[in-house]
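Peer 1: fold the stuff below for me.
(4 chains)
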There are 2 protein chains.
Amino acid sequence: MYVTILGDQARKQPLAALSLKSGGSSETRLKAGSYLYLEGDAVEWVFQIKTGVLRLTRLLEDGRRQVIAFGYPGDVVGFPSEGLHHTDCDVLMDACLQPYRRAMLESGEGDPDLHRNLLQAALREISAMQDHFMMLGRKSAVEKVSSFICVLADRVGTKIDGHSGMTLPMSRGDIADFLGLTTETISRTLTQLRKSKIIEIRNIHTILILRPTALRGLASRGA
Amino acid sequence: MYVTILGDQARKQPLAALSLKSGGSSETRLKAGSYLYLEGDAVEWVFQIKTGVLRLTRLLEDGRRQVIAFGYPGDVVGFPSEGLHHTDCDVLMDACLQPYRRAMLESGEGDPDLHRNLLQAALREISAMQDHFMMLGRKSAVEKVSSFICVLADRVGTKIDGHSGMTLPMSRGDIADFLGLTTETISRTLTQLRKSKIIEIRNIHTILILRPTALRGLASRGA
DNA sequence: GATCCGTATTGATCCGGATCAATCCCAATG
DNA sequence: CATTGGGATTGATCCGGATCAATACGGATC
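Peer 2: Residues are numbered from 1 along each chain as shown, chains lettered A, B, ... in the order given. Next up is the predicted model:
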């Protein structure tokens, strides 16, 4: 679920396995702009994303916001702690989710395979969050934005006019709150990447990677 | 049987190999300065900390470091992802650990209670990391340092001369790498808290909280 | 005690990204 | 069409924390 610098190939694998046996009711469809749960809600279900994009956020009283993660197909969202949700979760792109009863994660009675797959998803989550710590704590703006684009391309990139490209369903503000920056800095950094011909900004929500090697260099070394 | 690893001598020998011989269920003792596992090591065991303090870190090629977490009694460390460790783990204060076979977490055959407890630990971990995201991404230096002291006091504080106090087994550099700051900033911020009589720095590794309410205010509002 | 050395503190300066402030760009709407 | 309003971009300036640099301290060793 976490957009991080390490491409996680295994992330795509469990989807089929998880889908085989549904631990709960049928799939859930949600429109962009709606929400799935709020911080403090009791957790009844965890969800695997089949299509669409979700956004997980936490808020401070004074309005400061941290985007914890963007959820893409294959990700599992809604892991409980003490039985409660600890983020808000809303929908950026129309989504289709497979719900599983919380008990499938926590005890797994009757379906050890499903149980194990949900657990593995939680463990991958921990690992991905550790990557993101490094991003938030120790990387510069250029490194952050470049990493973000690289990871997104690995995860959900498609070929566009012979280049790796992707759609960004989230706003500049969302990216800023994910990377610990401001919208202005996101905008400036993207412009800088565009002017140095490393990326092309086809439109506000579509980016092409023109020079992948250069971008990866910026992502890991900032230069 | 006690398994004790001493400094340099142990550097080549993974702990897991040693514990394997012991049958796996006896407790493990480690000296400050030794390490438990390194990034990339295969995960054979997860450990619950009974006493002592551990440090989980990740490194960038250029030497930048992020302290992912400090492990205190009750914490579980070593959660695998794809079967591998994704951080280094070393010992800040002599520690006593309870090892559990990785299978106890991942399948739990034979001991559902243990399985469930390890799983809950992993879920708490996810929640705790989400808090830390907000810290790293959106808080100022004063807020970070104040939060750090508050959390530590709640977790492992003791009464000293009528005040809540604690020992800091980690260096200023460790705290800096945990909070995404520099040692100089940690030092300056602590001095500032000391001069405003909110904390007392009894010695480098011992801090007392003189005005808890003020400190909590700084932790959440920075003012 | 004196010396040494690694960590911590303090000071001076610099700079990356935040902040404040205009536009600009569209998509939605009438 | 023209209008409108919210996000995005760009510019000017500021400031918090980094960086560079100089002590200070404290524990270990002899």
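Peer 1: can you tell me the closest non-neighbouring residue to residue A:206?
Peer 2: Computed as C-beta to C-beta, 6 or more residues apart in numbering or on different chains, the closest residue to residue A:206 that is not its neighbour in sequence is residue A:167, at 5.7 Å. For the C-beta atoms, the positions are set from N, CA and C on the backbone; glycine is no exception.
Peer 1: and the gap between that neighbour and residue A:208?
Peer 2: 11 Å (C-beta to C-beta, to the nearest Å).
Peer 1: before we move on, what about residue A:30?
Peer 2: Distance, residue A:30 to residue A:208, by C-beta to C-beta: 29 Å.
Peer 1: ok, now residue A:51?
Peer 2: Residue A:51 is 23 Å from residue A:208, where distance means C-beta to C-beta.
Peer 1: which one's more surrounded, those two?
Peer 2: residue A:208 (18 against 13; other C-beta atoms under 10 Å in any protein chain shown).
Peer 1: and chain A, which residues reach DNA strand D?
Peer 2: A:171-173, A:183-184, A:186-188, A:190-191, A:201, A:204 (C-beta under 7 Å from any atom of the strand).
Peer 1: how about 10 Å then?
Peer 2: Within chain A, the positions adjacent to DNA strand D are A:137-138, A:140, A:168, A:170-176, A:182-192, A:194-195, A:201, A:203-205, A:207 by C-beta under 10 Å from any atom of the strand.
Peer 1: who does residue A:98 form a beta bridge with?
Peer 2: Listed by DSSP bridges, the beta-bridge partners for residue A:98 are residue A:48.
Peer 1: in chain A, which residue is closest to the centre?
Peer 2: residue A:70 (2.6 Å; C-alpha atoms, centre = their mean).
Peer 1: hmm, residue A:92 and it touching each other?
Peer 2: Yes: using C-beta atoms under 8 Å, residue A:70 is in contact with residue A:92, at 7.3 Å.
Peer 1: which residues are in contact with each of the two?
Peer 2: Counting by C-beta atoms under 8 Å, 6 or more residues apart in numbering or on different chains, the common neighbours of residue A:70 and residue A:92 are A:53-55, A:170, A:174.
Peer 1: DNA strand C: which of these is nearest?
Peer 2: residue A:174 (14.0 Å; C-beta to the nearest atom of the strand).
Peer 1: if you tally nearby residues, what's the number for the closest one?
Peer 2: For residue A:174, the neighbour count with other C-beta under 10 Å is 19.
Peer 1: now the residue lying farthest from the centre of chain A: how far from residue A:172?
Peer 2: Seen from the C-alpha centroid of chain A, the residue lying at the greatest distance (C-alpha atoms, centre = their mean) is residue A:110, 30.2 Å away. Counting by C-beta to C-beta, the separation of residue A:110 from residue A:172 is 46 Å.
Peer 1: mind listing what residue A:134 touches?
Peer 2: By C-beta under 8 Å, 6+ apart, the neighbours of residue A:134 are B:58, B:60, B:64, B:66.
Peer 1: give me the element it is part of.
Peer 2: Following DSSP states H and E, one finds residue A:134 within helix A:112-138.
Peer 1: again with residue A:152
Peer 2: Using DSSP H and E, residue A:152 maps to helix A:141-156.
Peer 1: ok, residue A:194 - how many residues close by?
Peer 2: When neighbours are counted by other C-beta under 10 Å, residue A:194 registers 14.
Peer 1: and stretch A:165-179, how far from the chain's centre?
Peer 2: 10 Å (C-alpha atoms, centre = their mean, to the nearest Å).
Peer 1: what does chain A have sitting close to DNA strand C?
Peer 2: So chain A meets DNA strand C at A:64, A:139-145, A:176-177, A:179-189, A:192, A:201-205, A:222 (C-beta under 10 Å from any atom of the strand).
Peer 1: whichever of these end up buried, select them in PyMOL.
Peer 2: Per 16 or more other C-beta atoms under 10 Å in any protein chain shown, the buried members of the residues of chain A next to DNA strand C correspond to this PyMOL selection:
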select buried, chain A and resi 139+141+142+143+144+145+176+177+179+180+181+185+186+189
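Peer 1: quick one, the helix or strand hosting residue A:92 and helix A:112-138 angle?
Peer 2: Element membership of residue A:92, judged by DSSP H and E, is strand A:88-101. Counting by axes from the mean of the first three to the mean of the last three C-alpha atoms, to 10 degrees, strand A:88-101 lies at 160 degrees to helix A:112-138.
Peer 1: ok, back up a step: and the residue farthest from the centre of chain A, helix, strand or coil?
Peer 2: Classification of residue A:110 using DSSP: H, G, I helix; E, B strand; the rest coil returns coil.
Peer 1: contacting residues for the residue nearest to residue A:168 when sequence neighbours are not counted?
Peer 2: Nearest residue to residue A:168, sequence neighbours excluded (C-beta to C-beta, 6+ apart): residue A:205, at 5.1 Å. Residue A:205 sits next to A:167-169 when contact means C-beta under 8 Å, 6+ apart.
Peer 1: any idea how far residue A:197 is from residue A:205?
Peer 2: For residue A:205, the distance to residue A:197 - C-beta to C-beta - is 20 Å.
Peer 1: domain ranges for chain A, per the record?
Peer 2: A:9-136, A:140-221 (automatic domain parsing).
Peer 1: so which of the ones you listed is nearest residue B:38?
Peer 2: For the domains of chain A, proximity to residue B:38 was assessed by C-beta to C-beta; domain A:9-136 is nearest, at 14.1 Å.
Peer 1: any idea how far the residue lying closest to residue A:129 once chain neighbours are set aside is from DNA strand C?
Peer 2: Nearest non-adjacent residue to residue A:129, counting by C-beta to C-beta, 6+ apart: residue B:129, 4.6 Å away. Distance, residue B:129 to DNA strand C, using C-beta to the nearest atom of the strand, to the nearest Å: 21 Å.
Peer 1: contacts only, for residue B:129.
Peer 2: Contacts of residue B:129 by C-beta under 8 Å, 6+ apart are A:126, A:129-130, A:133.
Peer 1: and it, what's its pLDDT?
Peer 2: For residue B:129, the model assigns a pLDDT of 97.
Peer 1: residue A:222 now?
Peer 2: 89.
Peer 1: just for chain A, where's the confidence low?
Peer 2: Chain A contains residues with pLDDT under 70 at A:1-25.
Peer 1: mind running it again at 80?
Peer 2: Along chain A, the parts satisfying pLDDT under 80 run over A:1-25, A:108-110.
Peer 1: quick revisit: chain center to the helix holding residue A:134: distance?
Peer 2: 12 Å.
Peer 1: can you check stretch A:67-75 too?
Peer 2: Distance of stretch A:67-75 from its chain centroid, counting by C-alpha atoms, centre = their mean, is 3 Å.
Peer 1: any residue of it up close to chain B?
Peer 2: Yes: against chain B, stretch A:67-75 shows contacts by C-beta under 8 Å from any C-beta of the partner chain at residue A:68.
Peer 1: endpoints of that stretch, how far apart?
Peer 2: 16 Å (C-alpha to C-alpha, to the nearest Å).
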